[in-house]
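J.: need coordinates for the following:
(chains A and B)
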Amino acid sequence: MKGSDLISQAKNTWCPGCGNFVVQHALKDVLIRMHDAGHQIEKFVLVAGIGQHAKIFDFMNLNGFYSLHGRTIPVATGIRVANPDLKVLCIAGDGDCYAEGLDHLIFAAKRNVDITVIVNDNRVYGLTTGQFTPTSFSGFRGRSTPDGENESPLNPLLLVLSAGATFIARGYTGRREQLKDLIGMALEHRGFSIVEVLQICATYNDLSGYYNERVYTWDEDGVSDFNSAFNKAREWDYNTDARIGLGVLYRQDKPLFEESYPVPARPAISDRHEAIRKFLKERA
Amino acid sequence: MAEGEVSVIIGGKAGEGISSAGQVTAQLLSYLGYRVHMYLDYPSLIKGGHNYCVVRGTTGYVGAIRDKADCLVALDKNSIDRHARSLLPGGALIYNADTVRSGMGNNGTAVHVSAILSAETAPEVMANSAMIGAFAKVAGIVWHDVEEVFRKALMKAADLNLRVAGRAYREASNQLSVPRLNQPVLPVVTGNEAIALGLIEGGLEVYYGYPMSPMSSLLHFLAKTSRDFHVRTVQPESEIAVVLMALGSAYAGTKAAVGTSGGGFCLMTEGISLAGIAEIPVVIVLGQRTGPSTGLATYTAQSDLHFALNAGQGDVPKCILAPGDAGEARELSALAMDIAWAYQIPVIVLSDKLISEGMFSIGPEPKIPALRSLVGNEEPEGPYLRYRITGSGISPLRFPPLAGGIVRVNSHVHSEDGITTEEPEMTQAMADKRQKKMEVLSREIEDLSPVAVGGDPDAITGLLAWGSNKWVCNEAGEQLGLRVVRPKIIWPFPAREFASAMKGVTELYAVETNETAQFARYASLFGYRTKGNVLKYDGRPFTVEELVRELEKAIS
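T.: Down below sits the predicted model:
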């Protein structure tokens, strides 16, 4: 299997220079690597929300569920409940995952369901042409806030850390090789994994210069220590000027959600009917 | 007492076990060969307040209550104040002597509950067993039968409960005649239990639910019986997650269902629309309660008909079924699963508080019709196309992992391979495909006995009924000589069978528990206009006498 086998014939409609290309090709390379290591590509399912990020659904040759805005994670959870043999990957956006579907993100982390969530965080709504999102800088001037909004951004890393995520990483579309490694590690992680991707929006929010000056790579010492992760995550609050760490923030082992819902052997229809007859006999 | 007919009211405070007392009483009557129905009336609180249930036993199937009772079992004074006027002449009052000084004119049966409990060192929660013991004696039920039913109904704690009941039984004296009937004993279940059985018979593998009255007990029942029936239950964070998880499971080939009431159904509508365009099977049980909004959390209504019909943006292909009691709830829930998976659409089972939380005798074997049209499962040439356009509109359904194939489902308008498109031709072709499925389904449902006729089937004056008004309408129809026409499959509308059921009817009156005659409005879309509507919207069910009175007024 070649990388090009994973790219569909659908016409790509992202803006030139869009960070989504970087995520798409990083994912493609990771999947090829995993395929070569023995994973079956037909066991991967890509669940997309709604937003520019989600168009990756059309552009990849993968099983997929093109869901609703904010609703990648519940769909992915349902897929895992049905068949824990499938590798389920959500591609979500910041508006998608941190606004409309925030509850699902928190609960997936809390449950430690074995899915990977990649959040293409460009800190702006692209598809709807440039409004502020939960991670936009304070004072963001967009079409819905011409005078600048007065809210503070969410720090998604702190959020998922406190909710119980067992693999948390931050990548940047300006650091492709690292991003690839982070996505690969997330997919290999057993449990809920999230890769928060700082992604530039070439049209509405090109923060390349800002990020390039500030990003550095975290060392991985104490990567399973909650307090250490907490402090690292607080270094940059997505608003005030600070260094911006990239890499794996936190990694932990916890029992999986799916283990509390083991798939029972499919009972014969006659067994179920017998169980019903038994129940009704007790009620007669 | 009327022959083969007995009604018992049991009242007390919340937390005194009124529901379980009603259940045991219903099972006791059932054990004597009666067909039984229980209506449970309780406010939305945990302790205190006033709870009561009406248990009615008759010779034939039953699903409605009457105004008057043969026996009132009062665990507190309030129950006497509220229900004494419902006692028939010659009816029996049984009261808890600890909380009620004396019965009406001292002719009731006093049960010395605390003395009995302390003699047996039994906990306070067993007070209801003492009351049932007294009832059994008053009703002339032999002790052996009480013993049998307690052992079945209470399992683990049966012995102590029986000792408590036995003391009250021996202290009371016989007053009524509730003879054993010479007919087979039938199982007694709640509507939600029947729905669960039907879903299981339809192949249910995983049930997602967020707690909400009156559907929580469906989640509870399936959770409790998970090992017996091999159904997994999951309680997600919201009804949005509930329906989307179900769609995720169905995408991966696992049969899922969900249940909720109006408020949760509001949140589910985006998922229903998604199921429509993405062609993913899912069954949604909608247990209606009094609305709008939070309304009356623990009382009934039939006011979500148009909401269900119109749930989801766009022209959503779907199917809506409305059972009239537990037996039908079982059959139609199984059918709902079959239709959902055969046609790859969302199917809504419209229940309400009366059905879901009521108890009913049900027949031992359900009649679940086999669908004829499991079309689209032939293996076509070429690559797998999730939305292959076929003559029936139904595409072959496959699940990941699919060797050599890709399974894509999409909330956008899409091509046959599931990839998004905005082309006008494909947009129209996919809309036609979805509507084609509805045409095939419309034809098929006509052969599934979608419309029931009750009351006097030859009468020219008709009652238009649906859902839980089945039995109250049938009884009123028999008394007044009215033909009850009641669709069980609501959407697609069974035009042929409805016309056949209506043949010869010259005047039609709708009976509904909502304030705007929702079904009458719906029927008018198909050219059926009602001359008048008898509506009730106080959260409570029609009693038979009440409906007869209201119909006499409306029709004269």
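
J.: not counting sequence-adjacent ones, nearest residue to the residue of chain A found nearest chain B?
T.: With CB to the nearest CB, the shortest gap between chain A and chain B falls at A:Gly78, namely 2.5 Å. Every C-beta, even on glycine, is put in place using the N, C-alpha and C of the backbone. Closest residue to A:Gly78 apart from its sequence neighbours, by CB to CB, 6 or more residues apart in numbering or on different chains: B:Gly248 at 2.5 Å.

J.: what is the neighbour count of that neighbour?
T.: Other residues near B:Gly248 number 33, with proximity taken as other CB atoms under 10 Å in any protein chain shown.

J.: equivalent analysis for B:Ser411, please.
T.: B:Ser411, neighbours per other CB under 10 Å, totals 25.

J.: before we move on, the earlier item: correct me, but the residue of chain A closest to chain B touches B:Met245?
T.: Yes: in this structure A:Gly78 lies within contact range of B:Met245 using CB atoms under 8 Å: 3.6 Å.

J.: got any residues that touch both of the two?
T.: B:208, B:256 (CB atoms under 8 Å, 6 or more residues apart in numbering or on different chains).

J.: buried residues in stretch A:39-54?
T.: For stretch A:39-54, burial by neighbour count (16 or more other CB atoms under 10 Å in any protein chain shown) applies to A:41-42, A:44-54.

J.: which SS class is B:Asn128?
T.: What DSSP: H, G, I helix; E, B strand; the rest coil gives for B:Asn128 is helix.

J.: contacts only, for it.
T.: B:10, B:12, B:16-18, B:20-21, B:24, B:75.

J.: select from the residues you listed the one having the most neighbours.
T.: B:Ile10 (32 neighbours).

J.: on that earlier part again, hmm, the residue nearest to A:Gly78 is touching A:Phe65, no?
T.: Yes: assessed by CB under 8 Å, B:Gly248 is found in contact with A:Phe65 at 6.9 Å.

J.: can you report how many residues lie near residue 72?
T.: Picked chain A for this. 37.

J.: my bad, the chain I had in mind was chain B
T.: Counted with other CB under 10 Å, B:Leu72 comes out at 29.

J.: what of A:Lys11?
T.: Using other CB under 10 Å, A:Lys11 has 8 neighbouring residues.

J.: overlap in contacts, B:Gly248 and A:Phe65.
T.: A:47, A:75, A:79.

J.: on that earlier part again, name the element the residue nearest to A:Gly78 belongs to?
T.: helix B:239-251 (DSSP states H and E).

J.: from the chain's centroid, how far away is that helix?
T.: 23 Å (CA atoms, centre = their mean, to the nearest Å).

J.: pLDDT below threshold where in the stretch 1-150 of chain B?
T.: B:102-106 (pLDDT under 70).

J.: what parts of it come near chain A?
T.: B:27, B:30 (CB under 8 Å from any CB of the partner chain).

J.: which parts of the stretch 1-150 of chain B are helices?
T.: B:18-31, B:77-83, B:113-119, B:127-138, B:143-154 (DSSP state H, counting those that start in this stretch).

J.: contacts for the helix or strand of chain A with the lowest mean pLDDT?
T.: Every helix and strand in chain A was compared by mean pLDDT, DSSP states H and E; the lowest is helix A:269-282, with a mean of 90. Residues from elsewhere that reach helix A:269-282 (CB under 8 Å, 6+ apart): B:152, B:187, B:189, B:197, B:200-201, B:225, B:228-230, B:362, B:364.

J.: again, only this time at 7 Å
T.: B:152, B:187, B:197, B:200-201, B:228-230, B:364 (CB atoms under 7 Å, 6 or more residues apart in numbering or on different chains).

J.: angle of that helix against helix B:143-154?
T.: 140 degrees (axes from the mean of the first three to the mean of the last three CA atoms, to 10 degrees).
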